[in-house]
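*Asks:* My questions are about this predicted structure, shown below with the sequence.
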Amino acid sequence: MTALYTLSDVTLTVPGRTLLHGLDLSLPSGKVTGLIGHNGSGKSTLLKLLSRQTQPTRGSITFAERPLPDWPTRALARHLAYLPQHPPAAEGLSVRELAALGRYPWHGALGRPGSEDRNATDAAIAACGLDGLAARRVDTLSGGEAQRAWLAMLIAQEAGTLLLDEPISALDIAHQVEVLTLVQSLSRARGRSVVVVLHDLNMAARYCDHIVALKSGRLVFEGSPDELMTPDRLHDIYGARMEVMTRADGSPVALPV
Amino acid sequence: MKLVLPLALLLSVLLWALAAPSGLPDRFAPEALSLDELLMLYGHMPRGAMALVAGGCLGLSGALLQVVLRNPIADPSTLGISSGAQLALVAVTVLFPGLLGWGRAPVALAGAGAAAALVMGMGALRGFHPVTMVIAGMLVSLFASSLAGALTLAQGQYLFSLVVWTGGSLVQTGWGPVLALALVLALGGGLAALMARPLSVLGLEAESARALGLSVGRVRALAVVLACVLAASVSAAVGLVAFVGLAAPALARALGARRPGQILALAPLTGAVLLSLVDGLVLTAAGYGTEMFPTGAVTGLIGGPLLLWLLPRLRATPPPAPDAHLPRKARPLRRVGLIALATVVLLGLLLMLGRTPDGWSLLDRESLALFLPNRLPRLAGAAAAGGLLALAGAALQRVTANPLASPEVLGVSGGAAIGYAGVLFLAAAPSAVALTSGAALGGALSMAVLTGVVLGRDARPERLLLAGVAVSSLAAALLSILMAAGTMKSFAVLAWLSGSASALTGAGAALLVALLALACAAAVLMARWLTILPLGPEVARALGLPLRGATLCVVALAALATGAATVLVGPLSFVGLMAPHLARRCGLAQAVPHLLGSAALGAALMLAADFGARMASFPYDLPLGLFASLLGTPWLIWLMLRRPT
């Protein structure tokens, strides 16, 4: 298994506070990696560093065997797609136009969009089940539909790696399952790597292949979902007693005691 | 840190004492005093007290606004309250001097109240978003000062006293105003103390405050009214003293005040010491003689740098949600074509249409040939300037994702005005070319400041806007210091500020038209950036957009377009803000149609304004920019007051 990301001694300080303390970590390629932790544990911060939205104060990040700061802007966007936690209101844009923005890294500011770009956009819209809504305006969609429109933009970007910051936090259960199933299938069927910040422990255990847990800016766990789902581990991470039960299909679920 | 305040107070008392005309008189019978002692008792001493009391009022007013709006950049000047008071006083002085018999305070209060109501109304619909509030305030102040400028232009003989008053001179001729203002401060302070606890609860989010059982609306309204009364009383007593209300709470925070109660208690003190210190410096600079410039204008100089200093402290808040109900046309480019065609037809019609003492008529061939060399440059130039401003406005609204962004807020016009005025005041008999280059240089300097902000550590769009506001306010302060000289040159600056296309030459107009064509082409080339940038810096970065470079290019385009239009036809008009909104309302949603449609609509609006300016008081011309903003702003304010759904 090759490493997608290698982090060494990654530290981020803001005036008066250290958000991440010397993380040494490597994330696997071609898998869905879940970032979990309590509120303020630094999981979103870590994702921003991985997407180069912010730079670490100290330490180095290597993405696809190349130091992250060395990547040219557009080349990085062709390999790495990032969805912020609160996507903005896309005023006046249609679903198709939003998805087509994902092609920017490929054709740039002035390049003519070709058939490849159109096909990628169409495929992304279809993959997100938005065929009937392609002409609708994003700002008139429901929360779940808008979230899928943004995912369509990410998919149209055709990047090998997707970074998603709490993509299901604003959705109801049915849409949560729908979005995570889509993400999982992107990884399984197309070999994409996904790093996803999740609030919901059971969703993370169910849909991720690999789990990284942070606590107060430090790495406390790294391993498979099965290794994660023990009462002691969960107490280490969340500081709360949890009971782990086994469902009929053998997968574990954790509930607070 | 604890010693800073007493030391500053000591220094200001020392400066005040050094400038004193005599020692403290030991008897108080006017007939027994020497002239110097009279000056001391009825001029210098009340002046010192006035600085303290007015500073205290402004400090308290600013602290109230900042606490109640949870906005570290709110103050009577940034929210347009002081300008509203100023406009009311100027209007009454010029139009209904009789009303002043009841005192200046009620007039000032009415103006301040109206301005505050407008800004609060616009803010309330947008969640009191800090930067949007300040931009709304800036719009109201620009409108108020353009109206005040028009009145001053119309009544030239009042110019000198009005300008000096506007600048906030602290010269006193007795104890009456000081005592009255002290009473206001004492009452206001008492009320603020009573409100301290509800205000600290309001320091939380409005929702949480409501959940704690607080009547949010009532407390907010009461605090804003109190802040208005304090600011308006200062306006009535000494005129516009800018930015003390912004600086005082900031200083209080720097001295360690954190909780709302502490800020409310400390800000009046820091405000009093600050104004008194500035006045001490002005007195020292002036010596015993007449003062060179009013104290209020000097405090205005603090505003720009202070806002720039506060920029990094402003927490990042998402801009207000855009209107979702705006239409979207399926074939927008066809509509842009129609608008452009209509603009050209309008231009042709206005070329031919004439007004004679008998009525309206279309010009015949001979008179057309006679009028054309004069009329074509003027109309084409005005239209091109309108197009450039509108294009700049549309680009800025997209890059900042803020519907209130406009070229006026960018500070380029302000810089150009300073350059123009600077050349006019420094050179004995400046040529038109020198004046134009001066304006261009001033605009370029403001642009350099903005570029610095864009290239700075974190190019958040709202910081760009606020930096523009800072540059504008600095320019306004410098301008009012220059104007305080009160010569014929001040009049020339005022005339230029109100904007006119009548002096345009054929070459100038051709240059503007060529620039408009170039700017449109550049905007089309940037269209993809301008589609992505409204989605915010995170998305733009994630899509591989060269964020700084792209922002810089758009800002440079907007600044150049604004600069060119400003240099040739004067700075003021709200075309740059209006046209993009109109274009959006016409259903032009995507970047290219929005930008081009804005430019065409901007040209049409400016043509209409020019026609109005020529015809409203035929056969005399009114200033074009002034006319455009007087027509446009009420519509704009109505637009801003409508509820975004």
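*Replies:* Happy to help now that I have it.
*Asks:* Contacts only, for the closest residue to chain B within the stretch 151-257 of chain A.
*Replies:* Distances between the stretch 151-257 of chain A and chain B by Cβ to the nearest Cβ are smallest at A:Gln157, namely 7.3 Å. (Glycine included, C-beta is placed from N, CA and C.) Taking Cβ atoms under 8 Å, 6 or more residues apart in numbering or on different chains, we find A:Gln157 in contact with A:77-78, A:81, A:102-103, A:105, B:543.
*Asks:* Farthest-apart pair in those residues, please.
*Replies:* Taking every pair in those and measuring Cβ to Cβ, the maximum separation is 11.6 Å, between A:Ala81 and A:Arg103.
*Asks:* So between the two, which is more surrounded?
*Replies:* Applying other Cβ atoms under 10 Å in any protein chain shown to A:Ala81 and A:Arg103 shows that A:Ala81 carries more neighbours, namely 27 against 24.
*Asks:* Let me know whether the more buried one touches A:Leu101 as I believe.
*Replies:* No - A:Ala81 is beyond contact range of A:Leu101, at 11.3 Å (criterion: Cβ atoms under 8 Å).
*Asks:* Near chain A, which residues of chain B are found?
*Replies:* Contacts of chain B with chain A, taken as Cβ under 8 Å from any Cβ of the partner chain, map to B:318, B:321-324, B:326, B:328, B:401, B:525-526, B:528-529, B:531-532, B:534-536, B:538-539, B:541-546, B:550, B:584, B:589-590.
*Asks:* before we move on, the earlier item: and the residue of the stretch 151-257 of chain A closest to chain B, how close does it get to A:Leu151?
*Replies:* 10 Å (Cβ to Cβ, to the nearest Å).
*Asks:* So what touches the helix of greatest length in chain A?
*Replies:* Longest helix in chain A, counting residues (DSSP state H): helix A:173-190. Helix A:173-190 is contacted from outside by A:30-32, A:127-128, A:143-144, A:147-148, A:151, A:155, A:162, A:164, A:167-168, A:171, A:192-194, A:196, A:200, A:203, A:206-207, A:209, using Cβ under 8 Å, 6+ apart.
*Asks:* hmm, 7 Å instead?
*Replies:* Outside helix A:173-190, the residues that touch it by Cβ atoms under 7 Å, 6 or more residues apart in numbering or on different chains are A:30-32, A:128, A:144, A:147-148, A:151, A:164, A:167-168, A:171, A:192-194, A:196, A:203, A:207.
*Asks:* Equivalent analysis for stretch A:221-240, please.
*Replies:* For stretch A:221-240, with Cβ under 7 Å, 6+ apart as the criterion, the contacting residues are A:25, A:37-38, A:205, A:208, A:210-213, A:215, A:220, A:241-244, A:252, A:254, A:256.
*Asks:* Which of these fall in helices?
*Replies:* Per DSSP H, these map to helices at A:Ala205.
*Asks:* Just the buried residues from the contacts of stretch A:221-240, in ChimeraX please.
*Replies:* Buried members of the contacts of stretch A:221-240 can be picked out in ChimeraX with the line below, counting by 16 or more other Cβ atoms under 10 Å in any protein chain shown:
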select /A:25,37,38,205,208,210,211,212,213,215,220,242,244,252,254
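*Asks:* Could you list which of the contacts of stretch A:221-240 also contact chain B?
*Replies:* Filtering the contacts of stretch A:221-240 for proximity to chain B by Cβ under 7 Å from any Cβ of the partner chain leaves nothing.
*Asks:* residues touching A:Thr18, list them.
*Replies:* By Cβ under 7 Å, 6+ apart, the contact list for A:Thr18 reads A:11, A:217.
*Asks:* residues near residue 105, how many?
*Replies:* Here I'm looking at chain A. 23.
*Asks:* hmm, I had chain B in mind actually
*Replies:* 20.
*Asks:* any idea how far B:Thr451 is from the residue in chain A that chain B sits nearest to?
*Replies:* Residue of chain A nearest chain B, by Cβ to the nearest Cβ: A:Ala77 (2.7 Å). Going from A:Ala77 to B:Thr451 by Cβ to Cβ gives 25 Å.
*Asks:* quick one: which of the contacts of A:Gln157 is nearest B:Ala182?
*Replies:* The nearest member of these to B:Ala182, counting by Cβ to Cβ, is B:Leu543 at 59.1 Å.
*Asks:* The closest one contacts A:Leu101, doesn't it?
*Replies:* Yes - assessed by Cβ atoms under 7 Å, B:Leu543 is found in contact with A:Leu101 at 6.4 Å.
*Asks:* Let me know the pLDDT of B:Ala85.
*Replies:* Note on B:Ala85: pLDDT of 86.
*Asks:* let me fix that: B:Ala390
*Replies:* In this model, B:Ala390 carries a pLDDT of 93.
*Asks:* re earlier: what's the next secondary structure element after the longest helix of chain A?
*Replies:* strand A:193-197 (DSSP states H and E).
*Asks:* list the helices and strands the longest helix belonging to chain B packs on?
*Replies:* In chain B, with assignment by DSSP H, the single longest helix is helix B:365-400. The contact analysis (3 or more Cβ pairs under 7 Å, 6 or more residues apart in numbering or on different chains; DSSP states H and E) places helix B:365-400 against helix B:332-352, helix B:461-483, helix B:506-525, helix B:527-532, helix B:547-569, helix B:575-585, helix B:591-615.
*Asks:* on that earlier part again, relative to A:Gly114, how far out is the residue of the stretch 151-257 of chain A closest to chain B?
*Replies:* Taking Cβ to Cβ, one finds A:Gln157 at 16 Å from A:Gly114.
*Asks:* on that earlier part again, please indicate which of the residues of chain B next to chain A are buried?
*Replies:* For the residues of chain B next to chain A, buried by 16+ other Cβ under 10 Å: B:321-323, B:326, B:328, B:401, B:526, B:528-529, B:531-532, B:534-536, B:538-539, B:541-546, B:550, B:584, B:589-590.
*Asks:* returning to what we had before: now for B:Leu543 and A:Leu101: what residues contact both?
*Replies:* Residues touching both B:Leu543 and A:Leu101 (Cβ under 7 Å, 6+ apart): B:Ile532.
*Asks:* tell me the pLDDT at the nearest residue to B:Arg253 once chain neighbours are set aside?
*Replies:* The shortest distance from B:Arg253 to any non-neighbouring residue, by Cβ to Cβ, 6 or more residues apart in numbering or on different chains, is to B:Ile263 (6.6 Å). At B:Ile263, the model reports a pLDDT of 88.
*Asks:* residue contacts, B:Ile263?
*Replies:* Neighbours of B:Ile263 in contact, by Cβ under 7 Å, 6+ apart: B:63, B:67, B:249, B:252-253, B:257.
*Asks:* hmm, who's touching stretch B:128-148?
*Replies:* Residues contacting stretch B:128-148 (Cβ under 7 Å, 6+ apart): B:69, B:71, B:73-74, B:78-80, B:83-84, B:86-87, B:90, B:115, B:118-119, B:122-123, B:126, B:314, B:317, B:319-320, B:402, B:404, B:408-409, B:462, B:465-466, B:469, B:472, B:572, B:626, B:629-630, B:633, B:640.
*Asks:* Give me the subset of those lying in helices.
*Replies:* Checking the contacts of stretch B:128-148 against DSSP H, those in helices are B:69, B:83-84, B:86-87, B:90, B:115, B:118-119, B:122-123, B:462, B:465-466, B:469, B:472, B:626, B:629-630, B:633, B:640.
*Asks:* all helices of chain A, in order?
*Replies:* Under DSSP H, chain A gives helices at A:43-50, A:73-79, A:95-101, A:104-107, A:115-127, A:143-156, A:173-190, A:201-207, A:225-228, A:231-238.
*Asks:* Quick check, the residue in the stretch 151-300 of chain B closest to chain A?
*Replies:* For the stretch 151-300 of chain B, Cβ to the nearest Cβ, closest residue to chain A: B:Arg258, 13.9 Å.
*Asks:* sec struct for that residue, please.
*Replies:* Here B:Arg258 is recorded as coil under DSSP: H, G, I helix; E, B strand; the rest coil.
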